[in-house]
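Enquirer: Sequence below, structure please.
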Amino acid sequence: MSEYITIKENREFSRIYKKGKSFVSPVLVTYILKNRSNNLRYGITTGKKTGNAVKRSRSRRVIRASYYQLFSELKSGYDFVFVARGKTPYVKSQVVYTAMRKHMKEAGILQQTD
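Expert: Residues are numbered from 1 along each chain as shown. The predicted model follows:
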């Protein structure tokens with residue numbers, strides 16, 4: 001489980017939106033759905049409301065950096081879709097990381113490191 005697998009197809013995003021559990025914060029929305037494989041897969045969406053192309057790209061970079069930082073602590077076998085919000089391009093990656101970690105903890109996906 002060392003590589004990052006992305007979700008690219010619209011039908012996979014739609015399936016996660018419909019069947020997955022969502023967690024909301026001011027900087028990030030996270031959809032989580034258990035998959036049948038032993039892999040972690042993720043997708044990132046940034047809508048026009050986020051801003052122009054530069055702001056959408058920054059949002060994706062910040063979300064990706066936070067996910068990579070959290071990757072080793074996650075239980076395997078889940079799909080994630082991260083949706084950028086209006087505040088996302090204006091905050092540091094640590095703020096997004098904190099929100100993402102909180103969402104994963106609420107979902108019970110963080111591995112126990114005792």
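Enquirer: these two touch, right, Tyr31 and Ile16?
Expert: Yes. With contact defined as CB atoms under 8 Å, Tyr31 and Ile16 form a contacting pair (5.0 Å). In this view, the C-beta of every residue, glycine as well, is placed from N, C-alpha and C.
Enquirer: residues shared between the contacts of the two?
Expert: Shared contacts of Tyr31 and Ile16 (CB atoms under 8 Å, 6 or more residues apart in numbering): Phe80, Val81.
Enquirer: The spatially most central residue of the chain pairs with what?
Expert: Among the residues of the chain, Phe82 comes closest to the average C-alpha position under CA atoms, centre = their mean, at 3.4 Å. With DSSP bridges as the criterion, Phe82 is bridged to Thr30, Ile44.
Enquirer: if I look at it, how far off is Thr50?
Expert: Using CB to CB, to the nearest Å, Phe82 is found at 12 Å from Thr50.
Enquirer: ok, which stretches of the chain are strands?
Expert: 5-6, 21-24, 28-34, 40-45, 78-84 (DSSP state E).
Enquirer: buried sites along the helix ranked longest in the chain?
Expert: Secondary structure of the chain per DSSP state H: the longest helix is helix 53-70. Neighbour-count burial for helix 53-70, counted by 16 or more other CB atoms under 10 Å, picks out Lys55, Arg56, Arg58, Ser59, Arg60, Val62, Ile63, Arg64, Ser66, Tyr67, Leu70.
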